[in-house]
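>>> The sequence isn't on hand, but the structure is:
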């Protein structure tokens, strides 16, 4: 998945003024020092592997009674405020549930402290190596 943002489209000046402060708009400082809101259009290209994202987005959108774009912005905000750990990403991907993760974490603490979580998930829980690699890839995108 990758996203591309676009600047304001022609004819959106009055719309930007009416929607000041709403999701989907960003602040730009004018030459006079004042802040003004401009529309931000984002195109997101999804692969078949990203279908779970659309499902999670639609579920959250219905639950919160918000538009997809408002949910995307709130998710981005939440993402940048906290880092996710490997197990949480695997839960989001639907690879395992919280009880399975808790069991493996307990197992790691009691007898397998020398093994990485991903190794235990593959050997003891039967999680596919490709799923662990995908979760690690997602995690590594946001850590440097």
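Perfect, I can see it now. These numbers were taken from a predicted model, which means no experiment stands behind them.

>>> ok, which stretches of the chain are strands?
2-6, 25-29, 35-39, 41-45 (DSSP state E).

>>> The last one pairs with which strands, and in what direction?
Just to be clear, that refers to strand 41-45. Using DSSP bridges, the strands paired with strand 41-45 are strand 2-6 (antiparallel).

>>> I'd like the mean pLDDT over the strand it pairs with, please.
Average pLDDT, strand 2-6: 45.

>>> and if you look at stretch 127-144?
Mean pLDDT, stretch 127-144: 83.

>>> hmm, back to that, mean pLDDT for the strands of the chain: which is lowest?
strand 25-29 (a mean of 42).

>>> tell me, how many neighbours does residue 58 end up with?
12 (other CB atoms under 10 Å). In short, each C-beta sits where N, CA and C put it, glycine included.

>>> pLDDT at it, what is it?
91.

>>> Make residue 1 into 5 and carry on from there
I'll keep to 5 as the first residue from here, and by that count the last item is residue 62.

>>> For it, give me its contacts.
residue 72 (CB atoms under 8 Å, 6 or more residues apart in numbering).

>>> same check, this time on residue 68
Residue 68 makes contact with 74, 75, 78, according to CB under 8 Å, 6+ apart.

>>> any idea how this structure splits into domains?
The record's domain parsing of the chain by automatic domain parsing lists 5-49, 52-86, 90-145.

>>> mind listing what the nearest residue to residue 105 once chain neighbours are set aside touches?
Leaving aside its chain neighbours, residue 105 sits nearest to residue 91 (4.3 Å; criterion: CB to CB, 6 or more residues apart in numbering). Residue 91 makes contact with 100, 105, 108, 109, 121 under the criterion CB under 8 Å, 6+ apart.

>>> top of these by neighbour count?
That'd be residue 108 among the contacts of residue 91, by other CB under 10 Å, with 22 neighbours.

>>> which ones are touching it?
91, 121, 124, 125, 128, 129.

>>> and those residues, which of them are in helices?
Those of the contacts of residue 108 mapping onto helices are 91, 121, 124, 125, 128, 129, per DSSP state H.
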